[in-house]
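In: sequence unavailable; structure follows:
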C-alpha cells in the first residue's frame, strides 16, 4: 500500500494550472495484465474527448500517455493485483505504486490527482 508520506505528497501536489493524470489499473488476472495498456487507452480516449479542440489540453495528456505506455511496456508491476499511476509531465512529476488489491480500471485528468479510490481501498477490510 502507499505510505502516508507518499499519500500526503500526492494530496499536496500542485500542478500549477497544468493537468494531473491519475490512472488505476486492475492487474489481478493474466487477462487484465495483458489488456492493461488497451484498457488505459480506451479510458484515455474519453478524457481526450473532454478536451475538445483545446490543443494545450490534448498535448499535455498525450505526453503523460506516452510516459504511461513506456512504463507499462517495460515494467508495470505486472505481479501485483493493481497499479496506481500519478503523472504530470509538465511538472516532471511521476509516481507508480503497485497495489495489493485489485481496483477497477479508471483514468482521471484534472487540477489534482484523484485519490479517492486509494482512500476507499485503504478503508476496506481486505486492504
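Out: Nice, I can see it. The model shown is predicted, which means the values in this text are computed figures rather than measured ones. Numbers count the residues shown, from 1 in each chain.

In: and the longest helix for the protein?
Out: The longest helix of the chain (DSSP state H) is helix 30-51.

In: what comes up buried for it?
Out: Using 16 or more other CB atoms under 10 Å as the test for burial, helix 30-51 gives 32, 33, 35, 36, 37, 39, 40, 43, 44, 47, 51. Any C-beta I mention is one placed from the backbone N, CA and C, and that applies to glycine too.

In: just how off-centre is that helix within its chain?
Out: 11 Å (CA atoms, centre = their mean, to the nearest Å).

In: surely residue 67 is in contact with residue 90?
Out: No - contact criterion CB atoms under 8 Å: residue 67 and residue 90 do not qualify, at 11.3 Å.

In: grab the nearest non-local neighbour of the residue nearest the centre of the chain.
Out: Closest to where the C-alpha atoms of the chain average out (CA atoms, centre = their mean) is residue 23, at 1.8 Å. In space, and not counting its chain neighbours, residue 23 is closest to residue 85: 4.1 Å by CB to CB, 6 or more residues apart in numbering.

In: okay, now the sheet partners of the helix or strand that contains that neighbour, with direction.
Out: Using DSSP states H and E, residue 85 sits within strand 82-88. Its sheet considered, strand 82-88 pairs with strand 20-26 (antiparallel), strand 93-99 (antiparallel) by DSSP bridges.

In: of the ones you listed, which is nearest residue 61?
Out: Of all these, strand 20-26 sits nearest to residue 61, with 6.9 Å by CB to CB.

In: return the set of buried residues in that closest one.
Out: Under the neighbour-count rule (16+ other CB under 10 Å), strand 20-26 has 20, 21, 22, 23, 24, 25, 26 buried.

In: let me know the closest of the residues you listed to residue 1.
Out: For those, the nearest to residue 1 is residue 24 (13.6 Å; CB to CB).
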